[in-house]
Structures are given as structure tokens and as C-alpha cells.
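Enquirer: Sequence and predicted model, in that order:
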Amino acid sequence: MSSEDIVRGAWKRRSRTLPGALVALIIGLLVAPVVARAAREAQPLPAAQSIPVPRDVPYPGVMELSVDVSDVDHRVFKVHETLPVAASGDLVLLFPQWIPGDHAPSGDLAAFAGLSIRSGETKLAWQRDPLNVFAFHVQVPKGATHLDLDYQYLSATKEDIGTVFVARAQLMLDWQNVLLYPAGYFARDIPIQARLSVPKDWQLASALEPESTSGAVTTFRTIPLEVLIDSPVETGRYLKRYALSDGGQVPVYLDVMAEKPALTELKPEIVAQHRALVQQAFSLFGSHHFDHYDFLYSVNDALAFGITVEHQRSGEYALDSDEFTDWDAHLARRDDLAHEFTHSWDGKFRRPADLWIPNFNVPMRNSLLWMYEGGTQYWGLILTARSGLWSKEQARDAWAGLLANLTHTSGRSWRDVQDTTNDEIINPRRPMAWSDWQRFEDYYDEGALIWLDADTLIRERSAGKRSLDDFARGFFGVEDGRWTPLTYTFEDVVKALNAVEPYDWAAFLRQRLDHHGPEARLDGLTRGGYRLVYTDTPSEQSKGVAADHKWEDFYYSLGFHLDKDGAISDELWDSPAFKAGLIAGSRIVAVNNVAYDAKKLTEAIKLAQTDSAPIELLVRGGDFFQTVRIDYHGGLRFPHLEQIPGVPALFDEILAPRP
């Protein structure tokens with residue numbers, strides 16, 4: 001309703017007894033200023049949509065993409081592209097924005113530079129789309145059959161600029177960073193042939209199949225753009241490949257790239273654990289959805305540490321340089337290996353219908369990430385145990401840490417799990433002030449908890465005759481050998497669960513996904529024969545997590561983690577530290593009037609169990625010092641799982657390897 005309508009209506013209601021002519025005059029006098037004022041107010045400028053929507057039609061020709069990564073000194077990737085064109089007029093080129101595996105608009109457009117477009121000898125002007133900065137317009141002249149594009153990708157030279165993908169002796173290449181593609185087509189309908197130039201004597205590892213090699217230039221077979229984006233390359237001076245599958249099975253390889261040849265040498269027991277992971281996955285899913293698979297391990301402290309990304313025919317991992325030489329030190333994150341491998345089935349082959357996109361500039365919808373990532377988190381943890389990458393005890397300790405974190409997630413009171421599926425779009429993994437109150441990506445771990453609940457429920461209801469393994473085989477094991485995506489909906493998940501064990505699975509899932517409450521639901525753990533407890537001794541898993549993050553762990557006692565200098569790196573909402581007024585970034589200088597170190601704080605927490613006096617901390621925040629007293633007497637607290645007497649240990653059965 002307009003302001004003019006409001007004025008007219010008000011005066012008509014108030015003036016029923018006045019002469020009509022007088023009412024009309026009064027309304028006219030009142031409305032005229034309102035109309036005049038509205039005409040002066042700012043109005044939205046209509047925005048013309050000028051980017052063609054993707055259509056499922058063949059692209060006229062084959063794109064050619066040549067990428068030269070040999071300028072390692074400057075970390076500059078030089079790109080040349082030949083793009084067939086079918087007609088003259090406006091052509092829209094897109095830089096990939098929505099990247100599979102990131103579940104967010106994470107395209108690194110800021111590192112794109114130097115764009116030059118030619119038709120023959122004629123340089124063409126280009127213009128960025130006024131509404132979508134990832135789109136570029138160019139006018140194709142009459143008679144042109146192709147365009148030549150040149151540009152660069154300026155890979156980060158240091159961590160405060162972005163993710164570092166280039167080191168002196170090796171690098172990681174993600175194709176979405178080095179291409180423009182035509183709007184108006186599904187990515188699967190655009191054939192592309194890629195060439196890669198690397199420094200002399202460097203080797204390559206990728207799911208891509210080479211067509212030819214000439215010196216330092218490798219030409220890959222022509223494939224759909226959709227497959228190219230899903231096929232990263234690691235390249236470097238030193239590479240060693242290990243076969244992980246048995247004869248007669250689809251090939252699976254472990255490719256280790258490192259800055260020194262000695263770092264590519266794996267002990268036989270490490271290779272054996274990876275082989276067991278492959279066999280346990282094959283046994284679980286009863287299928288493969290790749291023609292071959294490569295674990296791509298980049299072992300280098302300078303490269304993208306901690307980044308792991310799933311792909312249909314490969315997994316991308318950036319690891320510490322001592323990952324394999326000090327294998328036991330990295331115990332805590334071994335489930336990453338199984339997690340990304342599981343994604344070949346869960347997430348890449350079977351993919352949520354609203355998360356699948358026709359090209360890389362159509363927004364993703366993440367409503368089913370509790371299945372895509374939560375299911376994969378569950379199977380990743382289980383397969384890590386079944387393969388021997390973790391012992392049963394180590395696996396139980398890992399679950400204890402996961403469950404303790406979930407039970408201390410205070411944000412559950414205002415946000416449900418379903419809403420967290422939006423997190424990577426809301427906040428693409430930037431630091432958060434209060435992560436447990438804000439919640440972040442809880443669909444991973446709480447999703448795993450939901451699937452543990454489902455697994456133990458199926459086992460209990462079927463008297464051990466069926467389990468979630470049957471669901472995995474029925475849902476992910478279909479169409480063996482197919483490696484193009486097969487999409488699913490919420491209803492498809494419910495139907496597949498009912499095929500294993502009839503139950504009201506729709507209500508089961510919605511109750512957990514839409515749940516608000518003080519703590520996570522631990523029904524699956526209890527049904528599995530275990531309960532969550534806390535002791536004053538950290539498990540090996542807890543120690544490993546603390547070592548990986550380089551923090552001192554007082555999270556479940558005082559409510560924070562501390563870095564090596566005593567600064568609070570993460571703090572629990574409404575914890576004892578929170579109530580005392582501490583915030584992340586504050587640095588502890590002294591404990592009970594003695595200069596801080598982690599051992600002194602540990603002793604102070606122990607002493608406070610039998611002393612009514614609060615723990616006194618001298619804290620520095622910027623240039624200011626203050627004394628903070630924390631009235632906490634609960635002692636050190638580290639999570640563990642404890643078996644419930646008299647309850648069958650179904651959880652141990654879940655962790656046991658399959659034949």
C-alpha cells in the first residue's frame with residue numbers, strides 16, 4: 001500500500017459526515033505533499049540480467065587450456081586459452097565462483113589478473129558484468145571462429161595473502177583458479193583439453209590421464225569441464241607412487257610428493273594401513289565409482305597445511321613434512337584420510353540434488369550437508385578404526401573428543417543442526433569470536449552422531465541382523481562403476497533407511513536436525529554400550545589434537561585453549577573463564593602471583609579442588625593488565641568413553657573390521 005493510499009483511507013474513515021466536495025478537497029491538500037515527497041525519494045534502478053542461464057546442450061567445439069606453472073620464484077601461473085565461438089555478439093565468460101567441496105562461493109577471483117582477449121590479431125575490449133563480478137563480457141566480431149585469452153593466476157606468496165599452493169620444489173594446482181569458461185552451458189557439456197608446463201624434471205600426480213608428454217609439457221586427454229575441475233594436480237621434483245588395491249580390482253594409488261626424496265619413503269606398515277582402508281571401503285560400499293583413484297599427498301610445511309579436499313577420483317591432502325617420518329605424532333587427524341576417500345561415494349557420486357549445480361557460477365544449496373558431510377564424517381571415523389589407522393581405543397577416544405565438544409556447544413539453544421548447513425556460505429572458515437555459541441559446521445560432527453544413533457537403532461531393532469552397513473551398500477553401492485553424479489533428496493534417504501529397517505525415519509531425522517536443547521543427544525552412544533565421562537588425564541587423542549593445534553587444553557575445565565605464549569585462542573561461552581570476564585586474545589601473565597607457564601596453571605587447577613580460594617590470574621589485554629579471579633574447583637577434565645556395565649558393546653562391533 002502506498003503512502004497516498006494510506007492518507008486517502010484514513011480520511012475516508014474519519015469524514016463520513018462531511019460533504020463529499022469538502023472531503024475531496026481536504027484529501028487533495030494532504031495527498032499532494034506526500035506524492036511530491038515520494039517523487040523526490042530515491043528509487044531502485046532496475047538491473048538487467050545479462051548472463052545466459054546454463055542449458056544442457058552441447059558446446060560447439062573443444063576448449064583448449066594451457067597453464068604454465070614454471071615461474072616458481074614469483075608463484076605466478078600463466079594461462080593461455082583458446083575458446084571456440086559459434087556466433088558473433090556478446091559472449092559472457094565466467095570465473096568459477098561456487099567450488100564443489102567448499103560448499104560456498106570461494107572462487108579466488110582476487111588472484112586473477114592480466115586478462116587480454118584477441119580474435120586473430122585484433123585485441124578485443126572486455127567489460128566486467130555490473131551485477132556479477134565473476135562474469136566478463138566480450139563482443140565477438142563477425143566471422144570469428146575462436147578467441148585467444150591470456151591471463152595469470154597470482155598464487156599467494158605468503159599466508160596472510162591467502163592459501164599457499166607453491167613451494168620451491170613442488171606445488172598444488174586446482175583448475176578452477178586458472179580458467180574462464182563460457183556462460184550458457186552445463187559444465188558437463190563443455191569438452192576441454194588441458195596442457196600443463198612445469199619446471200624441468202618435475203613429476204605429476206593426478207586423476208587425469210596424459211595423452212602425451214613433450215619435455216616439461218603434459219597434454220591431458222579431452223574431458224568434460226566438470227571432470228577437469230574435479231581433478232587437481234600435484235607436481236614437484238620428488239614423487240613416489242604406491243599401489244593400494246589388489247590385482248583385479250580398480251586401481252587405487254597413494255602418490256606422495258615432497259620437497260626431499262627421503263620424505264616420500266613410507267614404512268611398510270603405513271602402506272599396509274592405507275591398503276586396509278581401501279579394502280574396508282570396498283567391503284562397506286560394495287562398489288567403486290571411479291576408473292582409478294589417487295590419494296594425492298603433498299608433504300611440505302610451506303604448502304596449504306591442513307587443507308584436504310574431496311574429489312571423485314582423487315583426494316587432495318596438504319600434510320606436515322614429518323607426516324610419515326613421525327607417523328605416531330599425527331595420530332589425531334588420520335581420519336582425514338578416510339573422510340576424503342569416503343567422499344568418492346558419499347558426496348561426489350551420491351550428491352544432494354540441491355547441492356549439485358549445472359556450472360560453477362550457480363549458487364549451491366546446502367540443506368543436505370548433514371548427509372554429504374555428516375555421513376562421510378561417520379564413515380570416515382568408522383573406516384579409520386576398521387582399517388587399523390586407529391586402534392579401537394584410539395577410535396573411542398576420538399569419539400569422546402567429538403562428543404564432548406558437541407555437549408559443550410551452547411549455541412544449540414538458538415540454532416539447530418539444520419541451520420548450520422549454511423555456515424560455509426555465511427562464514428567461509430574465518431576465525432570466530434565465540435565459536436560454540438555461534439556454532440560452526442556442526443553438521444559434520446553432529447551429523448556423525450545422528451548416523452551413530454541410526455546405526456545402533458537398526459542393530460537393536462533387528463537383533464543384530466542388520467546395520468547401517470546395509471544402508472551404505474544399498475544407497476552408495478548402486479550402479480557399480482558409474483562415476484557421474486547420482487543425486488538424491490531427503491525423501492530418498494528416508495526410503496533407503498526404510499528398506500533396511502522399517503521405522504519413522506523422517507521423524508527420527510527431523511527431530512535431530514531441528515533439535516534445540518542444552519546438550520547433544522547421546523542416545524546412539526548409550527545404545528552402543530558407552531557413556532561420556534571426564535578424568536584428569538588426557539587421552540593420546542586429546543594430546544594429539546593439542547599438539548596439532550599447538551595449544552594447551554583447559555577447555556572443559558576453565559573453558560579455554562591457550563597458545564604457547566599463554567594467549568587465549570578459543571573460549572567457551574558461559575564457561576568459568578567467560579564469567580570471570582576473559583576473552584580470546586587475552587594473555588595470561590601470572591598464575592597465583594607466579595609467572596605463567598602451562599604446568600603452573602595445571603597445578604593451580606589441581607590445588608583448587610581442595611582449596612576454596614579462586615584461581616588468580618594476571619591477564620594482559622593490549623597495554624592493560626588486570627587481575628582476574630576464577631572461582632572454579634572442578635579439576636582438570638578430559639573426555640573419555642566408559643563402557644556401561646550390562647549393556648552390549650554395539651559400538652565395538654561397529655568399529656570392528658569387515659571381512
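Expert: That came through, no problem. Because the structure is a prediction, the values reported are computed rather than measured. Residues are numbered from 1 along each chain as shown.

Enquirer: I'd guessed residue 177 sits against residue 111; true?
Expert: Yes. Judged on CB atoms under 8 Å, residue 177 makes contact with residue 111 at a distance of 6.9 Å. Placement of C-beta: from N, CA and C, glycine included.

Enquirer: which residues are in contact with both of those two?
Expert: Common contacts of residue 177 and residue 111 (CB atoms under 8 Å, 6 or more residues apart in numbering): 153, 155.

Enquirer: Which residue ranges make up the domains of this protein?
Expert: 3-40, 52-236, 350-527, 557-636 (automatic domain parsing).

Enquirer: which one of the ones you listed lies closest to residue 284?
Expert: domain 350-527 (5.4 Å; CB to CB).

Enquirer: can you give me the offset of the closest one from its chain's centre?
Expert: In terms of CA atoms, centre = their mean, to the nearest Å, the centre of domain 350-527 is found 14 Å from the chain centre.

Enquirer: What lies in contact with the strand or helix carrying residue 499?
Expert: Assigned by DSSP states H and E, residue 499 belongs to helix 490-500. The contact list for helix 490-500 (CB under 8 Å, 6+ apart) reads 367-368, 371, 454, 458, 466, 468, 470-471, 474-475, 503, 505-506, 509.

Enquirer: Which of these fall within helices?
Expert: Among the contacts of helix 490-500, DSSP state H puts 371, 454, 458, 468, 470, 471, 474, 475, 505, 506, 509 in helices.

Enquirer: among those residues, which ones are buried?
Expert: By neighbour count, with 16 or more other CB atoms under 10 Å, the ones in helices among the contacts of helix 490-500 hold 371, 454, 458, 468, 470, 471, 474, 475, 505, 509 as buried.

Enquirer: Would you check how far apart the fifth one and residue 476 are?
Expert: When distance is defined by CB to CB, to the nearest Å, residue 470 is 11 Å away from residue 476.

Enquirer: Strands of the stretch 1-150 of the chain, start to end?
Expert: Remark: strands assigned in the stretch 1-150 of the chain by DSSP state E, counting those that start in this stretch are 63-71, 76-84, 89-94, 98-99, 104-105, 112-119, 122-124, 126-128, 135-140, 146-154.

Enquirer: Out of the ones you listed, which is closest to residue 563?
Expert: Nearest to residue 563 among the strands of the stretch 1-150 of the chain is strand 104-105 (27.5 Å), distances taken as CB to CB.

Enquirer: What is that closest one packed up against?
Expert: helix 423-426 (3 or more CB pairs under 8 Å, 6 or more residues apart in numbering; DSSP states H and E).

Enquirer: Show residues contacting the helix or strand just after the helix it packs on.
Expert: Per DSSP H and E, helix 423-426 leads on to helix 435-438 as the next helix or strand towards the C-terminus. Residues outside helix 435-438 that contact it (CB under 8 Å, 6+ apart): 408, 409, 410, 411, 415, 432, 570, 572, 573, 574.

Enquirer: at 7 Å what do you get?
Expert: 408, 409, 410, 411, 432, 570, 572, 573 (CB atoms under 7 Å, 6 or more residues apart in numbering).

Enquirer: Repeat that for stretch 167-175.
Expert: The list of residues contacting stretch 167-175 from outside it, by CB under 7 Å, 6+ apart, reads 69, 72, 165, 228-229, 232-238, 257, 259, 298, 300, 302-304, 318.

Enquirer: and what of stretch 266-273?
Expert: 242, 254, 256, 324, 327, 387, 388, 389.

Enquirer: Not counting its neighbours along the chain, what's nearest the last one?
Expert: Think residue 389. residue 334 (4.5 Å; CB to CB, 6 or more residues apart in numbering).

Enquirer: Neighbours of residue 658, how many?
Expert: Residues near residue 658, counting by other CB atoms under 10 Å, number 12.

Enquirer: Distance-wise, check the nearest residue to it once chain neighbours are set aside relative to residue 312.
Expert: Excluding its sequence neighbours, the residue lying closest to residue 658 (CB to CB, 6+ apart) is residue 283, at 4.4 Å. From residue 283 over to residue 312 the distance is 20 Å, taken as CB to CB.

Enquirer: Residue 462 now?
Expert: On the measure of CB to CB, residue 462 and residue 312 end up 33 Å apart.

Enquirer: Repeat that for residue 185.
Expert: For residue 185 relative to residue 312 (CB to CB), the value is 20 Å.

Enquirer: More neighbours: the two, which one.
Expert: residue 312 (25 against 20).

Enquirer: Could I get the contacting residues of residue 243?
Expert: Going by CB under 7 Å, 6+ apart, the list of residues near residue 243 reads residue 253.

Enquirer: Quick one, grab the pLDDT at it.
Expert: What the model reports as pLDDT for residue 243 is 97.

Enquirer: next one: residue 588
Expert: Residue 588 is given a pLDDT of 97.

Enquirer: State the three-state secondary structure for residue 565.
Expert: The three-state label given to residue 565 by DSSP: H, G, I helix; E, B strand; the rest coil is coil.

Enquirer: Next, find the distance separating it from residue 587.
Expert: For residue 565, the distance to residue 587 - CB to CB - is 6 Å.

Enquirer: Name the nearest residue to residue 468, sequence neighbours excluded.
Expert: Leaving out its chain neighbours, the residue that sits closest to residue 468 by CB to CB, 6+ apart is residue 455, at 3.8 Å.

Enquirer: Can you give me the separation between the one you found and residue 486?
Expert: Distance from residue 455 to residue 486, by CB to CB: 23 Å.

Enquirer: Just want to know which of those two has more residues nearby.
Expert: Neighbour totals were compared for residue 455 and residue 486, and residue 455 leads with 25 against 17 (other CB under 10 Å).

Enquirer: Quick one: residues contacting residue 120.
Expert: Applying CB under 7 Å, 6+ apart, no residues qualify as near residue 120.

Enquirer: Give me the distance between it and residue 148.
Expert: If you go by CB to CB, the gap between residue 120 and residue 148 works out to 8 Å.

Enquirer: Any chance you could list what contacts stretch 424-431?
Expert: 102, 103, 104, 106, 366, 440, 441.

Enquirer: now for those, which pair is the farthest apart?
Expert: Longest span within these, CB to CB: 106 and 440, 15.6 Å.

Enquirer: all helices of the stretch 201-350 of the chain, in order?
Expert: Per DSSP state H, counting those that start in this stretch, the stretch 201-350 of the chain carries helices over the ranges 225-229, 268-285, 335-342.

Enquirer: which helices and strands does the shortest one pack with?
Expert: Helix 225-229 is packed against strand 191-197, with contacts defined by 3 or more CB pairs under 7 Å, 6 or more residues apart in numbering; DSSP states H and E.

Enquirer: taking the mean pLDDT, what do you get for the strand it packs on?
Expert: 98.

Enquirer: same question, stretch 565-578
Expert: Per-residue scores along stretch 565-578 average to 96.

Enquirer: Likewise for stretch 496-504?
Expert: 98.

Enquirer: Pull out the buried residues from that stretch.
Expert: Buried, per 16+ other CB under 10 Å, within stretch 496-504: 496, 497, 500, 501.

Enquirer: lowest average confidence, helix or strand, in the protein?
Expert: helix 3-14 (a mean of 48; mean pLDDT, DSSP states H and E).
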